[in-house]
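In: Build the 3D model from these lines:
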Amino acid sequence: MLDSESSLRLKLLRFPPIIGVIYIHGYNTAIGYAGGILGATETNELTRWVRIFLSEGIARISVPLFFLISGYLFFATFHWSPQTYWRKISGRLRSLLIPFVFWNLAGLGFLALMQAIPDFRPYFTGPGKMVADYDLSRYFAVLFGVSDYPVAYHFWFIRDLMLLLLLAPVLAVVVRFLPIPFFLVMYWCWLADAWPTYAPGAVGVLFFSAGAFCGINRQNIFLFDRFGLIIILVYLPLLAIDLIWYDAWFNLYVHRTGLLAGVLVTLYLTKFAVRSRRICAALLALGSASFFVYAAHEPLLGILRILAYKYIPLDGPYTILILYLFIPILVVALLVDCHRVLRAVCPRFLMIISGGR
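Out: Numbers count the residues shown, from 1 in each chain. Okay, here's the model as predicted:
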């Protein structure tokens, strides 16, 4: 079982990484569509550095952090047996599979609707077939992300997480009896981008398994707190190198090693967040909306970016930068308010589409 402070610190991490995910998806300043390009293909240096720092640096910690916490919570809160495992899996049908299917069906319906309206069609038509021309196999593929991202592309994370949960018994054996060689191999596969399977990806297997290792061995996920200052001193230079040499051939190795350190730094910083009642209250209140904001931020983010790039003059030197910084914040604010309304008006429906959260 988790002690109360560790449980609180994990709860504080439910919402901030969602903001990171939105900034990752808002990185590009140009949107291609059937009639051309909206936005700007080139930006000034300040805009470029800020975008790389936030979206490609800090925000990229979010995904491995979520996989780590997911693996830890799956194994830390029960004693392993076939019965408890299947009980856990059946619970994930409500918390993962049902929302996964709902949001992808909603995304497919929205895409079909936009393609059916001539004025909107150019902005929602890619190089492939129109939704109306899909056959049954294509519908299945885009709904479940069989060979590519699902139609709600950000739900690739949920798809990979569900696959990892199915593989959990195998991963549990491996991390129990062969932890060092397994993690060395997985780290290299992730670092070198040399993973053979499409899903689950190397980042998910590595960090979910790391969380599983902590959970199985009853190790506190915050066990590196005592090295917090050292890890920060390692992370900051890696982040600086990642930023300065963003296009260098060796960047991938620096970037992903930096993400590993960044995950540990993020866990460490929660030690200080719990000391502030104001921060705790705010993050706990927002935490209940985290899954909904994650699920619904697309296509809202894309729509707002299209509208902004189409109707706001982009000739100012920092207009693109302001839009890059502001639009994700607007998305978060709108969806938090929407979550509040749904919770008051139709709480059962909200619970279903949010996986009981």
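In: phi, psi of R51?
Out: Phi and psi for R51, reported as degrees, to the nearest 10, are phi -60, psi -40.
In: I meant L38, not that one.
Out: phi -100, psi 150.
In: What of I31?
Out: Residue torsions, per degrees, to the nearest 10, at I31 are phi -120, psi 120.
In: Pretty sure it sits against R305.
Out: Yes: judged on CB atoms under 8 Å, I31 makes contact with R305 at a distance of 6.2 Å. C-betas here are computed from N, CA, C, even on glycine.
In: so where's the longest helix in the chain?
Out: When the chain is parsed with DSSP state H, its longest helix is helix 319-345.
In: average model confidence for it?
Out: Mean pLDDT, computed over helix 319-345, is 97.
In: Packing partners of that helix?
Out: helix 16-25, helix 45-51, helix 290-311, helix 347-353 (3 or more CB pairs under 8 Å, 6 or more residues apart in numbering; DSSP states H and E).
In: what's the distance between that helix and the middle of its chain?
Out: Here helix 319-345 shows a centroid-to-chain-centroid distance of 17 Å under the convention CA atoms, centre = their mean, to the nearest Å.
In: and the angle from it to helix 290-311?
Out: Angle, helix 319-345 to helix 290-311, by axes from the mean of the first three to the mean of the last three CA atoms, to 10 degrees: 140 degrees.
In: Pretty sure T197 sits in a strand.
Out: No: checked against DSSP: H, G, I helix; E, B strand; the rest coil, T197 lies outside a strand; its state is coil.
In: shared neighbours of I31 and R305, anything?
Out: G39 (CB atoms under 8 Å, 6 or more residues apart in numbering).
In: who's more crowded, these two?
Out: R305 (23 against 16; other CB atoms under 10 Å).
In: hey, which of the helices and strands packed on helix 319-345 is tucked in deepest?
Out: helix 16-25 (a mean of 21; mean count of other CB atoms under 10 Å).
In: hmm, who's touching it?
Out: So helix 16-25 is in contact with 54-56, 58-63, 65-66, 154, 283, 290, 293-294, 297-298, 301, 328, 331-332, going by CB under 8 Å, 6+ apart.
In: Next: stretch 253-264.
Out: 56-58, 60-61, 64-65, 68, 190-192, 207, 224, 227, 231, 234-235, 238-239, 241-242, 245.
In: Can you flag the buried ones in the residues you listed?
Out: Applying 16 or more other CB atoms under 10 Å to the contacts of stretch 253-264, the neighbour count classes 56-57, 60-61, 64-65, 68, 190-191, 207, 231, 234-235, 238-239, 241-242 as buried.
In: show me where this protein has strands.
Out: Remark: strands assigned in the chain by DSSP state E are 30-33, 36-39.
In: So for R357, which of the ones you listed sits nearest?
Out: strand 30-33 (31.0 Å; CB to CB).
In: name the helices or strands packed onto that closest one?
Out: When contacts are defined as 3+ CB pairs under 8 Å, 6+ apart, strand 30-33 packs onto strand 36-39, helix 290-311.
In: mind giving me a markdown table with these and columns for distance to F349 and mean pLDDT?
Out: As requested, the helices and strands packed on strand 30-33 are arranged in a markdown table below (distance: least, CB to CB, whole Å; pLDDT from 0 to 100):
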| stretch | distance to F349 | mean pLDDT |
| --- | --- | --- |
| strand 36-39 | 34 | 89 |
| helix 290-311 | 11 | 96 |
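In: Dump those into CSV; add distance to G91 as well.
Out: What follows is these, written out as CSV (distance: least, CB to CB, whole Å):
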stretch, distance to G91
strand 36-39, 43
helix 290-311, 15
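In: Of those, which is nearest T319?
Out: Per CB to CB, nearest to T319 of these: helix 290-311, 9.2 Å.
In: next one: the closest one to chain centre, how far?
Out: Using CA atoms, centre = their mean, the offset of helix 290-311 from its chain centre is 15 Å.
In: can you give me the angle it makes with helix 16-25?
Out: 30 degrees.
In: helices and strands of the protein: which one bottoms out on pLDDT?
Out: Ranked by mean pLDDT, DSSP states H and E, the weakest helix or strand in the chain is helix 82-92, scoring a mean of 82.
In: Residues touching that one, excluding its own?
Out: Under CB under 8 Å, 6+ apart, the answer for helix 82-92 is 74, 78, 162, 165-166, 168-169.
In: And the contacts of stretch 160-179?
Out: Contacts of stretch 160-179 (CB under 8 Å, 6+ apart): 67, 70-71, 74-75, 80, 85, 88-89, 92, 96-97, 100, 182-183, 199-201, 204-205, 208-209, 212-213, 216-217.
In: Any of those residues buried? List them.
Out: Looks like those have 67, 70-71, 74-75, 85, 88-89, 92, 96, 100, 182-183, 199-201, 204-205, 208-209, 212-213, 216 buried, using 16+ other CB under 10 Å.
In: In stretch 276-284, which residues are buried?
Out: 280, 283.
In: quick one: it to chain centroid distance?
Out: 22 Å.
In: Then stretch 310-317?
Out: The chain centroid and the centroid of stretch 310-317 are separated by 30 Å under CA atoms, centre = their mean.
In: swap in stretch 216-234?
Out: Taking mean C-alpha positions (CA atoms, centre = their mean), stretch 216-234 and its chain are 22 Å apart.
In: Stretch 200-220 too?
Out: Taking mean C-alpha positions (CA atoms, centre = their mean), stretch 200-220 and its chain are 16 Å apart.
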